[in-house]
Structure formats: C-alpha cells, structure tokens
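Trainee: Quick one, fold the following:
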Amino acid sequence: MGQENSHEQIDPSTPPRTLSARSLEAVAEYVKDGRPKRVVVMTGAGVSTSAGIPDFRSPDTGLYANLARLDLPYAEAVFDISYFRQNPDPFYVLAKELYPGKFYPTIAHSFVALLNEKSLLQMLFTQNIDCLERKAGVPGDKIVEAHGSFATQRCIDCKTEYPGNLMIQAVEAGEVPHCTVPQCNGLVKPDIVFFGEALPEAFFQNRHVPAMADLVIVMGTSLSVQPFASLPQFASEAVPRVLINKEIVGDFGSRPDDVVVLGDCDEGVKKLADALGWRDELESMWLEVGGKVREKEAARLREQRQAMSQDEILEAEIEKLTGEVDAALKMSKDLEERVITQLEKSSSNEISTSAAPATSDDIPSGTIMTKEESKDHLSSGQSTASSEVPTKSEGGWKEPPSTPAIGENTPPTVENVNKELPPAAPQADSKVIVDVTLPHQRPNTLVPESEIDQNKKHSRI
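Mentor: I've put the predicted structure just below:
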C-alpha cells in the first residue's frame with residue numbers, strides 16, 4: 001500500500017530538462033557522461049523481499065498481514081513502544097525470524113554497493129532494519145538507517161548499551177533480554193525506531209543531503225511513513241529522479257525528469273545495470289557476498305512463508321466447514337426428535353379415540369334411536385366394557401389379554417394399531433334420523449313405527 005499520489009502528473013508531451021528522455025537509457029547516458037557525482041539512494045522493504053524477508057504492507061504476503069498468530073490488538077503493535085513495555089514477547093518472536101545472519105543481500109543491495117565502489121554514492125537512506133546494505137558492502141558512514149536497525153541494542157530505561165553476543169543468545173533462545181545494570185533491570189530492545197519514539201539523530205543531521213544530490217534513486221518503498229516519505233521532494237526540480245517500485249508513490253511523475261520503472265526491484269536494477277554496461281560487475285559483486293549461493297535458500301524461505309499462510313487459510317476453511325456440518329447434524333437431530341414426538345402424540349390420540357366406548361355424548365345432537373337400536377347400543381357398550389375385566393369360567397378366573405407394548409421411540413404402524421384396537425362401536429343408522437322439528441316427532445313423544453316410516457318418506461334431510 002503506497003502513499004496516495006495526489007500530485008498532478010506531468011504532461012507526456014512535456015520535454016525533460018536534464019535527461020534526453022524519460023527512460024532508463026537516458027539515465028544511463030546521463031551517468032556515463034560523468035555528470036552526476038552525488039547520487040542519493042532511498043530504499044524500503046521492497047529491496048529485501050527477494051532475500052526472503054517479507055515487506056510490511058503487502059495485503060497477503062506482508063509482515064503485518066501474517067502477524068495474526070501473535071494475537072496482537074493490531075498489527076503495528078509489535079513495533080509500538082507502549083505495547084512493548086507491557087508485552088515484549090511478540091516482538092522477540094518476530095525478531096528471531098528477522099534477525100541478521102539468516103538472510104543475504106539482493107541484487108538491489110549490491111547495486112548500491114557498486115555505486116559506492118564507483119565513487120558515485122553520496123548517501124543511502126533506508127527504512128530497513130535488516131542490515132543487508134552493510135552486508136552488501138555499503139560503508140556504515142554512508143548509511144542513514146532512518147528507522148534504526150539490529151546493529152546495536154540498549155536498555156529502554158537507562159539507555160545502557162547491551163552486548164551484541166548476549167543479544168544474539170537471547171534472540172535465538174526466544175528470551176527477552178534485560179539490562180545488565182542490576183539496579184535497573186529494564187527491558188532491552190534493538191535500536192529499531194518503534195512507533196512513539198523519535199528517529200535517530202543521524203536522520204535529522206543528514207536530512208539536507210537530498211537537496212545536494214544530482215541524481216536520486218528510490219527503490220522498494222511505499223513512502224507512506226513520514227518524515228522519510230518527504231525526502232525525495234527535497235531534490236532540486238531539475239535533478240533526475242528514478243523510481244523502481246511496484247507502484248507509483250509520493251510525487252513521482254510530476255516532474256519533467258522523473259523516470260518510473262514499475263515492477264520488481266531486482267529486475268529494474270538489472271535493466272539499469274544493462275543500460276550502464278555494469279551487469280557483469282554487479283553480478284560478480286553479488287556473488288562475493290553470497291548472493292548466488294544463497295538464492296535457493298531465499299526461494300525456500302519465501303515458499304515456506306507462503307506455505308504457512310496457505311496452511312492457515314486451509315485450517316480456517318476446515319474449521320468453517322466443520323462448524324457448518326455440526327450445525328446441520330444438530331438441526332437434523334432436532335428435526336428427528338420433533339417428528340418422533342409428533343408421531344407418538346398422533347398415534348396416542350388415535351388409540352384413545354378409537355378405544356373409548358360410545359356413549360350418549362357420541363351421538364349427534366337431534367338424533368333419535370328406536371328402542372331396539374338403543375338396546376343394541378347399550379349392549380355393545382357393555383360388551384366392550386366387560387371385555388376389559390376378568391371373566392369367570394369353569395377353570396376359574398381368567399385375565400383379559402394384555403395390550404401389546406409399543407416402544408417409546410417407535411411410532412406404531414397402521415397395521416399394529418388396527419390389530420390392537422377393539423371392535424368399533426356401532427354407528428347410528430342414518431335411515432332412522434327424523435325431523436324433530438315436527439311436533440309429533442319431538443323427544444319423549446311416542447309414535448308408532450308405521451307413522452315414522454310414513455313421515456320419513458317426506459323428509460328432505
């Protein structure tokens with residue numbers, strides 16, 4: 001994520017003032033003519049990514065994007081001095097991965113060292129804390145580590161410097177070092193500038209240097225952190241500025257002699273070295289500092305970091321899928337229990353309704369039975385009731401057959417229910433239903449059966 005470029009871009013038809021064209025070839029021509037004597041370089045984390053060190057702000061592979069495992073309140077807390085005082089452990093987990101000695105300079109680092117070897121380098125300003133510029137051969141007195149580095153360390157309270165060998169031992173062991181002064185015992189950290197701390201004095205003492213430059217080269221930085229982000233703007237208006245980066249940042253592209261090369265830093269540097277005729281020298285210098293020897297190791301570290309990130313993504317997906325399956329199984333189980341309960345209730349209601357003997361309440365209102373039907377109805381009810389009590393025979397008292405048990409969780413089938421039910425009670429014959437609204441057919445009125453049959457023929461019910 002780079003600093004938003006709000007500066008108006010130069011009209012492509014506007015000719016450059018110093019260069020013959022806005023291209024790397026024109027920059028190479030400018031250098032080979034011997035015109036620049038004070039080259040100022042500014043670098044960010046992008047020059048170290050090919051060494052296997054992640055940058056800070058890339059969305060998927062950046063350092064901040066992969067700090068979830070440290071359980072931080074926010075990603076930048078790992079470099080926050082207030083948080084460090086409360087909990088220094090996350091920083092030292094990270095320091096073990098980033099500590100110098102595991103990584104080797106890139107082509108971009110060696111290019112800066114080559115500029116120095118050719119007596120062209122005025123100053124290198126870097127935001128990096130990995131010390132790879134030093135390892136590539138850039139002299140310490142020409143490096144301004146704007147955000148500090150792992151090169152030295154001290155107590156954050158009494159500022160007593162801490163021995164380098166003890167620091168290496170603590171980092172490798174994953175331990176938090178403390179001040180060697182007994183009465184202090186404060187926390188020790190590398191001289192890296194944390195959020196909430198002032199930049200080193202060397203930065204402010206050399207901040208004027210870009211204004212003296214006759215060529216400025218900026219590589220691999222988002223230019224999103226001040227005051228470092230303002231350094232390229234200090235160059236004079238007619239001084240050529242070269243940006244080798246994945247995106248346009250700062251005010252680049254707003255001046256006539258700005259040259260922008262978008263892409264990987266190493267590839268951009270190789271193109272410039274080819275235009276200068278320095279490619280063989282550059283690769284030879286890189287080999288001397290272990291570049292080619294460690295190329296496979298750098299690739300392995302990058303793959304390892306990417307694999308770890310993919311594993312975390314896969315683990316999250318598995319957890320999500322497991323949660324969905326558990327929820328679905330729970331819903332299925334709940335549904336099964338509700339269905340069984342409903343079936344049991346329905347079966348129980350059907351059994352109780354069918355098994356109950358018919359009474360006068362079961363006969364529809366307004367229905368009259370003949371004497372014979374009334375006797376049949378009563379005798380049916382009695383026979384049904386009598387079947388439920390013991391009976392006496394020649395051999396003695398006999399118990400009625402027991403009702404087969406139905407499993408608690410097994411819904412009865414229609415076949416089983418039909419077998420268990422007693423004979424159905426007789427139903428009222430619709431042929432004897434009469435119109436009770438007629439006076440002579442009201443209840444308690446005795447009417448000969450012949451008249452009932454005669455009246456029935458005229459009924460519309």
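
Trainee: what's the spacing between Glu144 and Leu121?
Mentor: Quick fix: residue 144 reads Val, not Glu. The gap separating Val144 from Leu121 is 12 Å, by Cβ to Cβ, to the nearest Å. Quick note: C-beta positions are derived from backbone N, CA and C, even for glycine.

Trainee: Contacts only, for the closest residue to Gly186 other than its chain neighbours.
Mentor: Closest residue in space to Gly186, ignoring its immediate chain neighbours: Asp157 at 3.4 Å, by Cβ to Cβ, 6 or more residues apart in numbering. Asp157 sits next to Cys179, Cys184, Gly186, Leu187 when contact means Cβ atoms under 8 Å, 6 or more residues apart in numbering.

Trainee: Pull out the buried members of those.
Mentor: Taking 16 or more other Cβ atoms under 10 Å as the criterion, what is buried in the contacts of Asp157 is Cys179, Gly186, Leu187.

Trainee: a markdown table please, covering those residues and showing distance to Leu24 and pLDDT.
Mentor: Output for those, formatted as a markdown table (distance: Cβ to Cβ, whole Å; pLDDT from 0 to 100):
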| residue | distance to Leu24 | pLDDT |
| --- | --- | --- |
| Cys179 | 50 | 93 |
| Gly186 | 50 | 93 |
| Leu187 | 47 | 95 |
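
Trainee: for the record, mean pLDDT for stretch 8-16?
Mentor: Across stretch 8-16, the average pLDDT comes to 86.

Trainee: Tell me where the protein has helices.
Mentor: 24-32, 81-86, 89-98, 107-117, 132-136, 164-173, 201-205, 209-212, 265-276, 279-288, 295-355, 371-386, 414-420, 449-456 (DSSP state H).

Trainee: Next, the angle from the third one to helix 164-173.
Mentor: Spelled out, it's helix 89-98. Interaxial angle, helix 89-98 versus helix 164-173 (axes from the mean of the first three to the mean of the last three Cα atoms, to 10 degrees): 100 degrees.

Trainee: For helix 89-98, give the mean pLDDT please.
Mentor: Per-region confidence: helix 89-98 scores 83 on mean pLDDT.

Trainee: Quick one: low-confidence residue ranges for the stretch 201-350 of the chain.
Mentor: 291-336, 338-339, 345-350 (pLDDT under 70).

Trainee: partner residues bridging Cys155?
Mentor: Val188 (DSSP bridges).

Trainee: just checking, it touches Leu187?
Mentor: Yes: between Cys155 and Leu187 there is a contact at 7.2 Å, judged by Cβ atoms under 8 Å.

Trainee: Need the residues touching each of those two.
Mentor: Taking Cβ under 8 Å, 6+ apart as the contact rule, Cys155 and Leu187 both touch Cys179.

Trainee: Can you report how many residues lie near the residue lying closest to Pro105 once chain neighbours are set aside?
Mentor: For Pro105, ignoring the flanking residues on the chain, the nearest one in space by Cβ to Cβ, 6+ apart is Ala136 at 3.7 Å. Number of residues near Ala136 (other Cβ atoms under 10 Å) recorded here: 25.
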